[in-house]
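1. Provide a 3D model corresponding to the input given below.
(chains A and B)
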Number of protein chains: 2
Amino acid sequence: MMPGASVHPLDFLFHPRSVAIVGISGKKRDWNAGKMFLNIYRHSGFTGPIYPVSRSAEEIKGLKCYPSLVDIPGPVDYVISSIPATGVLQLMDDAAAKGVRCIHFFTAGFRETGEEDGEELERRVLEKARSAGIRLIGPNCMGLYCPSSGLSFGYGFPHEPGPVAFISQSGLNAEDLVNEGNLCGVRFSKVISFGNAADLNESDFFEYCTADPETEIITSYIEGVKDGGRFLRALRAASAAKPVIILKGGLTSAGSRAARSHTGSLAGSPQVWDALCRQAGVISVESLEDLVDMAVTFRFLKKPAGRGLAVIVIGGGASVLAADTAEKIGLRLPALSDGAQAELRQFTPIAGTSVRNPLDTVAMETPDGIVKTVEIVGKSPGIDAILILTRFDWGVSRVDDVEPIVQGTMAMLAKSVQQSPVPVALAVREPDNAKAMAALEVFYRLAAKAEVAAYPNYKRALNAIAKFIAWQEARADS
Amino acid sequence: MMPGASVHPLDFLFHPRSVAIVGISGKKRDWNAGKMFLNIYRHSGFTGPIYPVSRSAEEIKGLKCYPSLVDIPGPVDYVISSIPATGVLQLMDDAAAKGVRCIHFFTAGFRETGEEDGEELERRVLEKARSAGIRLIGPNCMGLYCPSSGLSFGYGFPHEPGPVAFISQSGLNAEDLVNEGNLCGVRFSKVISFGNAADLNESDFFEYCTADPETEIITSYIEGVKDGGRFLRALRAASAAKPVIILKGGLTSAGSRAARSHTGSLAGSPQVWDALCRQAGVISVESLEDLVDMAVTFRFLKKPAGRGLAVIVIGGGASVLAADTAEKIGLRLPALSDGAQAELRQFTPIAGTSVRNPLDTVAMETPDGIVKTVEIVGKSPGIDAILILTRFDWGVSRVDDVEPIVQGTMAMLAKSVQQSPVPVALAVREPDNAKAMAALEVFYRLAAKAEVAAYPNYKRALNAIAKFIAWQEARADS
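-> Sure thing, here's the model as predicted:
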């Protein structure tokens, strides 16, 4: 944190001294969520005490179990509840007695069921929380992932922190986003799965992330909003400080029915949502994949000065399809200048290639060729950015270790990106076999290390670039 | 072939007695296209003689080389030319002298260069072909893949034939489609990469595939059309006989510039193209991925009686997003009947699930659960089809052999599809690691074996289902 910056009142959520996990089955072979959380915390990097709470087990994985929260000797700041909904009122009393500061309810069976009993239970839990000064995350959610302090809710979530926050009303979407982001080099400051939002809701977390010095980019999956006025204010403030990208679920009748079943949310209309995003300067996306792509873009792509794009690829058909897609979504592919074409022709054979734009060029395959090509293309008038389409399914099928091949290709690509006069993005082809996927894992890792924006296919790359440019234009206008 | 069916005049192209490959480098370490084709033909299943033609080599891979076509002892029906454009006139003379019936020119450097020399050369080659009665494929293309006769242009293309034809003006798009189709269980009758179409063009191949008894579904990638009137007649006839799915390249100014550079094609306007597709009853798609998906759909998905879809998934957020996407593209997700919901509740726990539609249900994870769920859902009024979203990234990361896990899941999914009262499609999540991709390879193989339509993500599945239904509705109206 910067010296002098004040700590946001919710920052304590992310820095508990200890974690208690309540609801661990004593039966050896039973999977249950309590055991899952315990396993996750054993490898999450959390350095404080972890207390398993179990009615039936005395010890689990070498850790002493406690029959209830009040039996734990030290202070308990943070509780993860995976007990059935029937036990939550007792748990609230125990937590109040113990001086717990925050409870994350993985436990479901509240308002989202649509049943009167569930709604009433949620109300009573909230009342008890308010009177004891306990903050609630959820119920019906996965809770918090904060790599810098070791909070987590997924196996294998990276320990390395990064600048992207994700505020999510779906736990599984959050898990998927972390894993997809992980593949593409996106690392997180805070990932917050907040489910039914009985107490802390989307506005609280937007306000927190706006103030959070670890967060530079805010992404979110939202189903329903508790208080429209407050949310709009929170969004505006967030968007004034940092790029904000939101995936809104429940914008159709079936989607909104699903959102009610999922988190008890009233989802609202697409028109209202669009207006709200426009007013607040928020980027609205249509899928989790888009969300990952925008995080990659804001993290790694320099800002293009305009809509003029050059596309470089091997393959005439691929060049045609990429050009069509780019122009359909509002990017422009100006023909390269005669001078640039003449320069490129000095080392690009005429048969089976094109140096107009899109470029279909075998020069991509030689280290010098691609570096020189990018440099010449980037200087041609009207070219504001370059997209290079590359692929790793050729050549990797018959090798045991894909790493050297990908390293060789990435070394020349990274050099061409670094020496380019305009921003450069890379896109690959989706894998059709495990070897190609292994090569892509290496590719993304090296791209992230070189701070290069990399996308899983040309359509996703073009969409992300177009949205990035549109967002800049809107900001310049306002 | 059916008894009594007449053989189409172009059928000879696909059944040559021998293949000569002209332009093989004699240098050991040199990659060249001639060597590539020779390597492909050594494993393509072609049973006739293969004659390498090389000026510099006497023998290659145990096969005797001939200095020119005229030196080959036996008859030569089919020639693959990978020599530079400078040698093609001599090659035409040799081929005429030898009585060759067809030449596939991989050779580029003709009309597509936009240079007068290239255009003139293409004209002269065509003249020589006409006067010698030789048919040309290309120039500037990959040629023919016909698994039933062993013609091929790609390493590892399946030997197993299937009912899908692909007529492609791009060789690389053709190669990619075969490999993606291969992954998803799509097998081919004929794949034709025809490049500049100096002689045989898209209309010839559409007419051929319409008559071809091995072809049940016609797919195509087209950049430019030689003769609009003839093409429209060919499309109408094709579409009256078989489903026709076309990806049109060059519908924007940059795409059309790229098409001119690629195959010398004048691409035409999107309005004309749309009208033409509507008139001819052709399905127009926007990407190669869509083309694969439509092939999968026509191959494996039974016809839904209407637009009512049920979506079954684990994960509330995923259910919301799938429902939103489905309704945005014109599918309907009717709520299940009270009776169906009550039946499902008998074995679906209330916490963390929904049985309304979309269904977010852990019953998916048990063999009985998913079979019963699909049966109940499929009988609910207004449900015409079911999409099940499944995933193989859970549980496979820590096993060496992914096969048993996928087999177990697929056994229950295949059973639920077979017992369902309505058509059922499956969609997975895209892989984020090599192990998950290995599991998906098994998944697609088993899905194809069970004749189940399987898609790489929910958006592609929903798009394919929506297009399939729209196509049926249009046919019912006309």
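
2. for the residue of the stretch 201-350 of chain A found nearest chain B, which three-state class applies?
-> Chain B sits closest to residue A:317 of the stretch 201-350 of chain A, with a gap of 2.5 Å, by C-beta to the nearest C-beta. Using the backbone N, CA and C atoms, a C-beta is placed for each residue, glycine as well. The three-state label given to residue A:317 by DSSP: H, G, I helix; E, B strand; the rest coil is helix.

3. again with the one 3 residues further on
-> Of the three states, residue A:320 takes helix under three-state DSSP.

4. what's the answer for residue A:220, then?
-> Per three-state DSSP, the local secondary structure of residue A:220 is strand.

5. that one reaches residue A:244, doesn't it?
-> Yes. Between residue A:220 and residue A:244 there is a contact under C-beta atoms under 8 Å: 7.4 Å.

6. more neighbours, the two?
-> More neighbours surround residue A:244 than the other of residue A:220 and residue A:244, with 29 against 23 (other C-beta atoms under 10 Å in any protein chain shown).

7. and that one, what does it touch?
-> Residue A:244 sits next to A:218-220, A:235, A:238, A:280-283 when contact means C-beta atoms under 8 Å, 6 or more residues apart in numbering or on different chains.

8. tabulate those residues (CSV), appending pLDDT and distance to residue A:194.
-> Putting the contacts of residue A:244 into CSV (pLDDT from 0 to 100; distance: C-beta to C-beta, whole Å) gives the following:
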residue, pLDDT, distance to residue A:194
A:218, 98, 14
A:219, 98, 14
A:220, 98, 10
A:235, 95, 16
A:238, 97, 16
A:280, 90, 20
A:281, 92, 23
A:282, 95, 18
A:283, 96, 21
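
9. and those near chain B, which?
-> Counting by C-beta under 8 Å from any C-beta of the partner chain, nothing from the contacts of residue A:244 sits close to chain B.

10. pick the one among those residues closest to residue A:104.
-> For residue A:104, the nearest member of these is residue A:220. The distance, counting by C-beta to C-beta, is 18.4 Å.

11. relative to residue A:12, how far out is the closest one?
-> Distance, residue A:220 to residue A:12, using C-beta to C-beta, to the nearest Å: 22 Å.

12. got the domain boundaries for chain A?
-> The record's domain split for chain A, according to automatic domain parsing, is A:11-137, A:143-300, A:309-477.

13. and those, which is most packed in?
-> Comparing these by mean neighbour count (mean count of other C-beta atoms under 10 Å in any protein chain shown), domain A:143-300 ranks first with a mean of 22.

14. tell me which residue of the stretch 101-250 of chain A lies closest to chain B.
-> Closest residue of the stretch 101-250 of chain A to chain B, C-beta to the nearest C-beta: residue A:170 (2.5 Å).

15. wait, what's in contact with that residue?
-> Contact analysis of residue A:170 by C-beta under 8 Å, 6+ apart lists A:193, A:221, A:223, A:249, A:262-263, B:315-318, B:320.

16. so for the residue nearest to it when sequence neighbours are not counted, what's the pLDDT?
-> In this structure, residue A:170 finds its nearest non-sequential neighbour in residue B:317, 2.5 Å apart by C-beta to C-beta, 6 or more residues apart in numbering or on different chains. We have a pLDDT of 88 for residue B:317.

17. follow-up on the earlier one: so which of the domains of chain A comes closest to residue B:419?
-> Judging those by C-beta to C-beta, what sits closest to residue B:419 is domain A:143-300, at 25.0 Å.

18. for the stretch 201-350 of chain A, what lies in contact range of chain B?
-> When proximity is defined by C-beta under 8 Å from any C-beta, the stretch 201-350 of chain A lies next to chain B at A:221, A:223, A:247, A:249-255, A:257-259, A:261-263, A:286-288, A:314-321, A:323-328, A:332-333, A:335, A:350.

19. now residue A:19: phi and psi?
-> Dihedral pair for residue A:19: phi -130, psi 130, per degrees, to the nearest 10.

20. again with residue A:313
-> Here is the backbone geometry of residue A:313 (degrees, to the nearest 10): phi -160, psi 160.

21. same thing with residue A:74?
-> Torsion angles, degrees, to the nearest 10, at residue A:74: phi -80, psi 180.

22. that one against residue A:49, yeah?
-> Yes. Counting by C-beta under 8 Å, residue A:74 touches residue A:49, with 6.0 Å between them.

23. which residue is the nearest non-sequential neighbour of residue A:336?
-> Counting by C-beta to C-beta, 6+ apart, residue A:336 lies nearest to residue A:380, which is 4.5 Å off, once chain neighbours are set aside.

24. scratch that, residue A:139 is what I was asking about
-> Nearest residue to residue A:139 in three dimensions, chain neighbours excluded: residue A:105, at 3.4 Å (C-beta to C-beta, 6+ apart).

25. pretty sure that neighbour sits against residue A:83.
-> No. Contact status for residue A:105 versus residue A:83: not in contact, 9.2 Å apart, counting by C-beta under 8 Å.

26. and residue A:304, what does it touch?
-> Residues in contact with residue A:304 (C-beta under 8 Å, 6+ apart) are A:384-385, A:422-423, A:465, A:468-469.

27. okay, and which of the residues you listed map to helices?
-> Among the contacts of residue A:304, the ones falling in helices (DSSP state H) are A:465, A:468-469.

28. no more questions from me, cheers.
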